[in-house]
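[1] What would the 3D arrangement of this be:
(chains A and B)
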Amino acid sequence: MRATRSARTLAVAAAAGAALLLTSCAGGDLTSSSGDGGDDAASTWNDATADLSGVTITFGGGTAGGPLDGAIEAFQEETGATIKRVTYPDPYEQNLQTRVATGDIPDLASWQPTTSMLTALQAPANLLPLDDAPWLDSMDPAVRDIAGFVDDTRYAAIVSSPSVMGVYYNKAVFEQYGITELPQTWDEMLEDARTIQAGGGTAFVEAGGAQWPTQWAVQMQLAEAAQDGLWDEVNAGETAFTDSPIIDAITTYQGMVDEGLYNADLRTATFEDQSAHLFAGEGAMALQVNALLEQLLTQYDAQEIDDTLGWFPISAEGTVATTIPDNKNGIVAFKTGDAEREAAAKQFLTFLMTDYYPTYIEDGGLVSIVTDVPNPDTVPQLAQDIAASLGNSVGSMQSLAIANPDLYINLASLLYGEMTPEQVADATQQQFAQLAQAQGAEGF
Amino acid sequence: MATTAPAPARTAPAAAGRAAAPAARRRRAVSYPSWMLWPAFAALLVFFLVPTLLNFVYAFTDWSAFKQGFGFVGTQNFQRLFADGSLLSSLRVTLVWALLVALLQNGLGFVLALLLEGDTRVNRGARIVFFLPVLLSPLAVGYVFQALLRPDGALNGVLGALTGSDVSIAWLGSTTWTIVVVSVVQAWKWMGLSMLIFMAGLKTMPTDVLEAARIDGASWWRTLWSVRFPLLAPAVTFNVATALLGSMNGFDTATALTNGGPARSTELLNIFIFRTFGQGLYAQATTMSLVLFLTVVIVALPVILYLRRRENVL
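    Numbers count the residues shown, from 1 in each chain, chains lettered A, B, ... in the order given. Below is the predicted model of the structure:
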């Protein structure tokens, strides 16, 4: 009798507990720990070096170090605050996003200031708006509003010149094969590539082992279409990845691979292999973003880089650059619900973009995006060429599309012959539609 | 666990008797009051039962990173997943990998257990060495092997030195064979554990049975296959079940080693789930993990039932 009663009590307790947990989760706020904003006024913009003794905030970032480490140290010294670095392993975005989804949020984090990636963080719920940031007026107007917005609210601080897709070329190899003028269209670039191949050289160096670099060749071909509103059409469900011009760009990429214009180890080569091959002249060109330059800057100085490599933008019909701000270009501040920490996080951004900015770009060899701060000597000409291309540029898929499907993983399968261009386009479209639908986008 | 649990039950009444407690109190002390189970049950409830139940709930919703709250969408997630071939292809990869790991890990573990059975000084040292990989971080194992298996890595270097030619095999670059390579690495990591369990089984065999076999003139091989191996059945059950089911939930080593590549040929279901979750499609990811959960149950039940039946002869 007693045993049955105990068992029944247990069962009731279990059911009640389960029900409680289920309802609290189901009704509640699953993705943000601090609720729905409205209390934004609570965190203020402090002076860059205001005293923050006793305040501890966390800074989420990838595994690689960089000039931000110096900024964090200097900020701690100047203000008495403590900033803890929280490192998320690669794939960085995925890992941070997963943490955020479970309510484990840092105060600050390096983040791609693109619409698709900010949407993925549920910016309006999780991020502090930065519309009234004190440093905005001193920023280069060409860069200031290039990214960082969701629905006209600024959620990311752009802290360095946004990354651009372009062609890094080895000057000596171009010279060896008699290429004296830089190509002005995609086809001209392919002609040069064939010249190099005919002479026994390797035209392009691909890093298929890393997978993510495979998308640049496709995206760069879409620059003019993007200017004509391609991604708006994709966002509305009017144009699909399986339609021209996207499928054409994928097919062209496969053609380049089939023609043998790439390095022999294109499938397995890593990103580090790619930069090493290119720098050593084992390949003439690499289609890459600023990550390649950053990688080279960890090994060589500005002069060595400029002596060896050059850079040019390219698109299907011309030289329109495609911008893809990466996670080194942007920092986001999270709504933690703690006014003191939120203010400290914002103060760090002010400190970085004002008092510390000259040191920051000097350390990182970065192009200045603050009008009255000149470029440091540590900036290679190549970096300045990249920054200059922003004048004639258009956003990438990541910047302009509402979702960022795993196009690159499908393209890596293309390299192995496991997928046809049609299958790549189809799989990417399916995932895009799934993401768009999850967002409640119309047309899906 | 099974051997230690009854111990307090035997000592409790003795203690109560010494204190000369009233009969009623002694009776209460004899059996466990059920409330003593509650803390354990609460932990079980919160950390195991509820998540599993939630897994079933969320699979029928449109929970995602892109909005607050969620609504129920019926079986839409399941329909989409099965219509799209990705889930099935990842499931196939997962089953192949689990099978390979279970075979390799236990095969090698068994051979090691036989080789290192004797209690010599060398064997004791060798056991420790073979057990060390079990203690290593799975991610570290993945990254180390990734470096070793590169086309210009150490393995090819050694092969090149042995053959006197330039070897540049892309061990992790074959859509057919990389899954085998990844399984071998996983089996290498865990074979020490299988070895230990097999060894425990071998060392606790009734000596009279082995002696009888020897007196009957059975050879070493004959003894192994007709006497010792059947007597190892409980160890086999445990090893095969844990290896098979553990690797169906595999993630860490494979992620570090290949991240699912090349061309998704080593994309275990958990890697796919992680990727989908990372995309912000939480409901879809939950649906996949539910499918994985059900698959594990479907595979596990017959395997364990079969292996348990083998033990019945003991």
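
[2] care to break the chain down by domain?
    Answering for chain A, as no chain was given. A:40-162+A:326-373, A:164-323+A:395-439 (automatic domain parsing).

[3] oops, I was thinking of chain B
    B:1-37, B:76-311.

[4] With respect to A:Ser163, which of those lies nearest?
    Closest of these to A:Ser163 is domain B:76-311, at 20.7 Å (criterion: Cβ to Cβ). For the C-beta atoms, the positions are set from N, CA and C on the backbone; glycine is no exception.

[5] Let me see the contact set for the residue nearest the centre of chain B.
    Centroid check for chain B by Cα atoms, centre = their mean gives B:Gly246 as the closest residue, at 2.5 Å. B:Gly246 sits next to B:Trp190 when contact means Cβ atoms under 8 Å, 6 or more residues apart in numbering or on different chains.

[6] Distance of it relative to B:Leu257?
    17 Å (Cβ to Cβ, to the nearest Å).

[7] okay, now the residue of the stretch 201-314 of chain B found nearest chain A: neighbour count?
    Proximity of the stretch 201-314 of chain B to chain A (Cβ to the nearest Cβ) peaks at B:Gly278, 3.1 Å away. Residues lying near B:Gly278 (other Cβ atoms under 10 Å in any protein chain shown) number 20.

[8] Looking at it now. What's its pLDDT?
    With respect to pLDDT, B:Gly278 scores 81.

[9] list the contacts for it?
    B:Gly278 makes contact with A:91, A:93-95, A:97-98, according to Cβ under 8 Å, 6+ apart.

[10] Spatially nearest residue to it, not counting backbone neighbours?
    A:Gln94 (3.1 Å; Cβ to Cβ, 6 or more residues apart in numbering or on different chains).

[11] any idea which helix or strand carries that neighbour?
    helix A:92-101 (DSSP states H and E).

[12] ok, and what's touching the helix or strand following that helix?
    Downstream of helix A:92-101, the next assigned helix or strand under DSSP H and E is strand A:108-110. Outside strand A:108-110, the residues within contact range by Cβ under 8 Å, 6+ apart are A:57-62, A:68, A:83, A:96, A:327-328, A:330-334, A:345, A:348-349.

[13] who in the stretch 151-300 of chain A is up against chain B?
    Residues of the stretch 151-300 of chain A lying close to chain B (Cβ under 8 Å from any Cβ of the partner chain) are A:209, A:211, A:265, A:267-268.

[14] on that earlier part again, with respect to chain B, which of the contacts of B:Gly278 is nearest?
    Using Cβ to the nearest Cβ, A:Gln94 is the member of those that sits closest to chain B, with 3.1 Å.

[15] so what pLDDT did that closest one get?
    For A:Gln94, the predicted pLDDT is 79.

[16] Could you do the one 10 residues further on as well?
    A:Asp104 carries a pLDDT value of 88.

[17] Kindly report the same for A:Ala142.
    81.

[18] Can you verify it is assigned to a helix?
    Yes: counting by DSSP: H, G, I helix; E, B strand; the rest coil, A:Ala142 is part of a helix.

[19] If you tally nearby residues, what's the number for the residue lying closest to it once chain neighbours are set aside?
    Nearest non-adjacent residue to A:Ala142, counting by Cβ to Cβ, 6+ apart: A:Leu390, 5.6 Å away. Counted with other Cβ under 10 Å, the neighbours of A:Leu390 add up to 19.

[20] Just confirm A:Leu390 contacts A:Pro141, I think it does.
    No: in this structure A:Leu390 lies outside contact range of A:Pro141 using Cβ atoms under 8 Å: 11.0 Å.

[21] for the stretch 51-200 of chain A, which spans come out with low pLDDT?
    A:63-65 (pLDDT under 70).

[22] cool, the stretch 1-150 of chain B as well?
    B:1-30.

[23] tell me which parts of it are close to chain A?
    Counting by Cβ under 8 Å from any Cβ, the stretch 1-150 of chain B sits next to chain A at B:34, B:37-38, B:41-42, B:45-46, B:49-50, B:53-54, B:57, B:62-70, B:80, B:84, B:86, B:139, B:150.

[24] Selecting buried members of those in PyMOL, what would you type?
    In PyMOL syntax, the buried subset of the residues of the stretch 1-150 of chain B next to chain A is picked out as below (16 or more other Cβ atoms under 10 Å in any protein chain shown):
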select buried, chain B and resi 41+45+50+54+57+62+63+64+65+66+67+70+80+84+86+150
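
[25] can you count the residues close to B:Met248?
    By other Cβ under 10 Å, the burial measure for B:Met248, its neighbour count, is 24.

[26] got it, and B:Thr223?
    Quick note: B:Thr223 (other Cβ under 10 Å) scores 16 neighbours.

[27] quick one: pLDDT of the closest residue to it other than its chain neighbours?
    Take B:Thr223 and drop its neighbours on the chain: the residue closest to it by Cβ to Cβ, 6+ apart is B:Ala213, 4.8 Å away. With respect to pLDDT, B:Ala213 has a value of 93.

[28] Which residues are in contact with B:Ala213?
    Counted by Cβ under 8 Å, 6+ apart, B:Ala213 has contacts B:222-223, B:226-227.

[29] what's near enough to touch B:Ser265?
    A:416, A:418, B:93, B:174-176, B:178-179.

[30] Can you tell me which of the residues you listed are buried?
    Buried among the contacts of B:Ser265 (16+ other Cβ under 10 Å): A:416, A:418, B:93, B:174-175, B:178-179.

[31] Can you lay out the residues you listed as CSV showing distance to B:Ala300 and secondary structure?
    Formatted as CSV, the buried ones among the contacts of B:Ser265 follow (distance: Cβ to Cβ, whole Å; DSSP: H, G, I helix; E, B strand; the rest coil):
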residue, distance to B:Ala300, secondary structure
A:Tyr416, 33, coil
A:Glu418, 31, coil
B:Val93, 18, helix
B:Ser174, 30, coil
B:Thr175, 29, coil
B:Thr178, 26, helix
B:Ile179, 21, helix
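
[32] Turn those residues into JSON lines, including distance to B:Tyr282.
    Shown next, in JSON lines, are the buried ones among the contacts of B:Ser265 (distance: Cβ to Cβ, whole Å):
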{"residue": "A:Tyr416", "distance to B:Tyr282": "30"}
{"residue": "A:Glu418", "distance to B:Tyr282": "28"}
{"residue": "B:Val93", "distance to B:Tyr282": "23"}
{"residue": "B:Ser174", "distance to B:Tyr282": "33"}
{"residue": "B:Thr175", "distance to B:Tyr282": "30"}
{"residue": "B:Thr178", "distance to B:Tyr282": "30"}
{"residue": "B:Ile179", "distance to B:Tyr282": "28"}
